[in-house]
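Trainee: Would you be able to build a 3D model of this:
(2 chains)
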Amino acid sequence: MTPREQTIERPTSVWPWITMGVAGTVTFIASMAVGPDAVQGQLSRIMYVHVPAAWLAYLAFFVTMAASAMYLWRKDLAWDRRAASSAEIGVVFTGLAIGLGMIWAKPTWGVWWTWDARLTLTAIMFFVYLGYLALRRTTTDLNARAKRSAILGVLAVVQVPLVHFSVVWWRTLHQPPTLLKPEPIDMDTSMLVTLGIAVVSFTVMYVAMMFKRIELARLEDEITEMQQTADVPIAGEAVTAPALERGA
Amino acid sequence: MTRYAKFVIPALLLAGVLVVLMVNLSSALVYFNTPTELLAREASDERLRLGGRVVPGSVDERDGLVAFSVQDCDAAVEVIHAGVPPQLFQEGIGVVVEGAWTGEAFQSDTMLVKHDEQYRTDAEDYNETDHACTEA
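Mentor: Coordinates of the predicted model:
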């Protein structure tokens, strides 16, 4: 018996790639055009990618929480795909924020890494969301996977405010936030505008990545469903039942 | 897998994370001592971190040692640092040094520069008064 022919549509959208390229280029040009910081010099330019990367991680994990809650409410796998796609992007940008932060830390602080509250909590957040992605691979049952990960997706978001306010609540080596705080911002307008451009560009990039990732997730789910419902020989088909009532 | 286990597994994961937090982070939550806190301590060989702002005019470099004072709003402590300071080390900047408190000076062998959250293209625009006492 041959399995029945099934095909899936290839993802064809091109605009997310163009959008990501444009947003990346805009960030690069803006961060090169602005003047360097008086104390840190050229090193201050790392801020224009480090800060938006951290912001995207926060945003992505909030979206994961919201989409996970929507899944638990509506039981629609589309929400599960949104939650998972956002978590994956969030993990990438958490890793990026850590990596860029390390490159910034070595020449400014003098070390690549230190166990202060901000760095430690960020590392834990990174590994918890890696755990979220691992949890999604513990079953091929789409509904079971969605439910398990939705619960973790809602719970794990408590780490985001913990990471952000760690520098305010505890004494750390990492400086307190320049943005997202109640006090006035201690930054030149030109730098603030550049940082604003970078944050907006990264957010646009996130939207484009989400679109592409959700598209891919939908195809993945379609394939999984096809595999589970495909015409395969049923167990025991090759075996003939023994004649129990011989001679009867 | 029971319905119950689906809740227990994430809950256990999260509890594990919280335990790791409580055990390993309690010392990291307070990353360094302020000069005021250090002066309240007895001299000992215990390895500590001291953080504060480098007092302008106090830096004296010789024989591979750097001597300077760090201050918070209420007190200043003399630091004798053995080694080369990071490139951003300068008067008025925040530092965290690691070493032992002898009762008179802080003997340090590791120095980290703690820059603040201000960004200015012109050094004249730096807001010193607001930040001199917010180091902790």
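
Trainee: continuing past the least confident helix or strand in chain A by mean pLDDT, what's the next helix or strand?
Mentor: When each helix and strand of chain A is scored by mean pLDDT, DSSP states H and E, helix A:159-169 comes last, with a mean of 90. As assigned by DSSP states H and E, the chain's next helix or strand after helix A:159-169 is helix A:189-229.

Trainee: Now find how far off-centre that next one is within its chain.
Mentor: 9 Å (Cα atoms, centre = their mean, to the nearest Å).

Trainee: which helices and strands does that helix pack with?
Mentor: Secondary structure elements in contact with helix A:189-229, counted by 3 or more Cβ pairs under 8 Å, 6 or more residues apart in numbering or on different chains; DSSP states H and E, are helix A:15-33, helix A:47-74, helix A:77-108, helix A:142-155. From N, CA and C alone the C-beta is placed, and that goes for glycine too.

Trainee: Next, the angle from the shortest one to helix A:47-74.
Mentor: Using axes from the mean of the first three to the mean of the last three Cα atoms, to 10 degrees, the inter-axis angle of helix A:142-155 relative to helix A:47-74 is 130 degrees.

Trainee: Residues contacting helix A:142-155, please?
Mentor: Helix A:142-155 is contacted from outside by A:64-65, A:67-69, A:71-72, A:75, A:77, A:79-80, A:83-84, A:87, A:131-132, A:135-136, A:138-139, A:221, A:224-225, B:1, B:6-7, B:9-11, B:13-14, using Cβ atoms under 8 Å, 6 or more residues apart in numbering or on different chains.

Trainee: Switch the helices and strands packed on helix A:189-229 over to CSV; also include mean neighbour count and mean pLDDT.
Mentor: Formatted as CSV, the helices and strands packed on helix A:189-229 follow (neighbours: other Cβ atoms under 10 Å in any protein chain shown; pLDDT from 0 to 100):
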stretch, mean neighbour count, mean pLDDT
helix A:15-33, 15, 94
helix A:47-74, 21, 96
helix A:77-108, 21, 96
helix A:142-155, 21, 94
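
Trainee: Where does residue B:106 sit: helix, strand or coil?
Mentor: strand (DSSP: H, G, I helix; E, B strand; the rest coil).

Trainee: from what I can see it touches residue B:82, true?
Mentor: No. Counting by Cβ atoms under 8 Å, residue B:106 sits too far from residue B:82 to count as a contact (11.5 Å).

Trainee: of the two, who's got more company?
Mentor: Neighbours were tallied for residue B:106 and for residue B:82 using other Cβ atoms under 10 Å in any protein chain shown; the higher tally belongs to residue B:106 (24 against 14).

Trainee: give the contact list for that one.
Mentor: B:38, B:50, B:77, B:78, B:79, B:80, B:97, B:99, B:100.

Trainee: so where's chain B uncertain?
Mentor: For chain B, the stretches flagged by pLDDT under 70 are B:1, B:22-28, B:127-136.

Trainee: Regarding it, what is its longest helix?
Mentor: helix B:3-29 (DSSP state H).

Trainee: starting at the chain centroid, how far to it?
Mentor: How far helix B:3-29 lies from its chain's middle: 28 Å, per Cα atoms, centre = their mean.

Trainee: on contacts alone, who are the packing partners of that helix?
Mentor: helix A:117-135, helix A:142-155.

Trainee: Save these as a markdown table, and put in distance to residue A:51 too.
Mentor: Below are the helices and strands packed on helix B:3-29 laid out as a markdown table (distance: least, Cβ to Cβ, whole Å):
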| stretch | distance to residue A:51 |
| --- | --- |
| helix A:117-135 | 13 |
| helix A:142-155 | 25 |
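
Trainee: So which bits of stretch B:32-39 are buried?
Mentor: Along stretch B:32-39, the positions that meet the burial threshold by neighbour count (16 or more other Cβ atoms under 10 Å in any protein chain shown) are B:32, B:33, B:34, B:35, B:36, B:37, B:38.

Trainee: For that stretch, report the contacting residues that lie outside it.
Mentor: A:171, A:173, B:41, B:48-52, B:70-72, B:74-77, B:96, B:101, B:106, B:135-136.

Trainee: switch to 10 Å and redo it
Mentor: A:116, A:171-173, B:30, B:40-41, B:48-53, B:69-79, B:95-98, B:101, B:103, B:106, B:112, B:114, B:135-136 (Cβ atoms under 10 Å, 6 or more residues apart in numbering or on different chains).

Trainee: Helices - which of those residues land there?
Mentor: Short answer: the contacts of stretch B:32-39 have none in helices (DSSP H).

Trainee: Got a ChimeraX select line for the buried ones in those?
Mentor: Those of the contacts of stretch B:32-39 that count as buried under 16+ other Cβ under 10 Å are selected in ChimeraX with:
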select /A:116,171,172,173 /B:30,48,49,50,51,52,53,69,70,71,72,75,76,77,79,95,96,97,98,101,106,112,114,135,136
